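K.L.:
sequence? don't have it. structure:
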């Protein structure tokens, strides 16, 4: 006899999340192996003594880990993904009828903790991997990749010589729609000055002549930030750590250079640096 399934919401139901997540599930095994209790004393000083309770710091770092493991970079998308996965809910310690933290809460919590807290968490987790025998320490594989910076090419400023500042600006600065002062300048003084040699500057000047017909748009590139710029002549006042980088056939962008070291024993990341 042919069956036909009719779905109807139940007013009351008996459900245990732990019964629905298989024993061999990755997040269930990770929940049993990963102990993040050290986060409570580590982050205690960033919270007050009164007011509404914040998100559990252990839950916050687990959500960050889920975003990395699932290759999801946006907080809103991470939270939507967590709400749809029973195994991730079990990993985070939430039941199916519990409301997850808002994506804006994740963003604010990330801004609450300084960089050294994230480094301390990385070091602690790496230590757990070493204690579990996942790191041999024999051979490290290292690679690098550009990481998009949260800065616009429109914010670039022209570097100037240490002396004759105003005269140089009036003579060299390209008068175009993209040349405008940033609201705030976070770059150190030495980064705002030209350090390139006369030969390098002459080469840059000759390249700029090829772009003279249209200062704001490189032919064939649909990005007004693609005009010829160089780290020797320009810097970002809003994000001094970002550098101009380019790939053949693509527009110039502001990126960081991220270096990653991995122990080849079990592919455990042993160091991450962004320059």
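P.N.:
Ah, there it is. All figures in this text were calculated on a predicted structure; none of them were measured in a lab.

K.L.:
for the helix or strand containing residue 128, which positions count as buried?
P.N.:
Assessed by DSSP states H and E, residue 128 sits inside helix 115-131. Neighbour counts over helix 115-131 (16 or more other C-beta atoms under 10 Å) mark 117, 120, 121, 125, 126, 129 as buried. For the C-beta atoms, the positions are set from N, CA and C on the backbone; glycine is no exception.

K.L.:
Report all helices and strands that that helix contacts.
P.N.:
The contact analysis (3 or more C-beta pairs under 8 Å, 6 or more residues apart in numbering; DSSP states H and E) places helix 115-131 against helix 39-43, strand 268-274.

K.L.:
which residues touch it?
P.N.:
34-36, 38-39, 42-43, 46, 61, 135, 266, 268-270, 272 (C-beta atoms under 8 Å, 6 or more residues apart in numbering).

K.L.:
Now list the buried members of those residues.
P.N.:
For the contacts of helix 115-131, buried by 16+ other C-beta under 10 Å: 36, 39, 42, 43, 61, 135, 268, 270.

K.L.:
What is the nearest of those residues to residue 106?
P.N.:
Among those, residue 61 lies closest to residue 106 (C-beta to C-beta), at 10.6 Å.

K.L.:
any idea of the mean pLDDT for the helix or strand encompassing the closest one?
P.N.:
Counting by DSSP H and E, the element that carries residue 61 is helix 57-69. The average pLDDT within helix 57-69 is 94.

K.L.:
can you check stretch 102-117 too?
P.N.:
91.

K.L.:
Quick one: distance of the longest strand along the chain to the chain centre.
P.N.:
The longest strand of the chain (DSSP state E) is strand 253-263. Strand 253-263 has its C-alpha centroid displaced from the chain centroid by 11 Å (C-alpha atoms, centre = their mean, to the nearest Å).

K.L.:
Neighbouring strands - and their directions - for that strand?
P.N.:
strand 140-148 (antiparallel), strand 243-245 (antiparallel), strand 268-274 (antiparallel) (DSSP bridges).

K.L.:
Make a markdown table out of these and add mean pLDDT.
P.N.:
Shown next, in a markdown table, are these (pLDDT from 0 to 100):
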| stretch | mean pLDDT |
| --- | --- |
| strand 140-148 | 89 |
| strand 243-245 | 86 |
| strand 268-274 | 89 |
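
K.L.:
Reformat the ones you listed as TSV; add distance to residue 27.
P.N.:
Formatted as TSV, these follow (distance: least, C-beta to C-beta, whole Å):
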stretch	distance to residue 27
strand 140-148	26
strand 243-245	36
strand 268-274	18
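
K.L.:
most tightly surrounded among those strands?
P.N.:
strand 243-245 (a mean of 18; mean count of other C-beta atoms under 10 Å).
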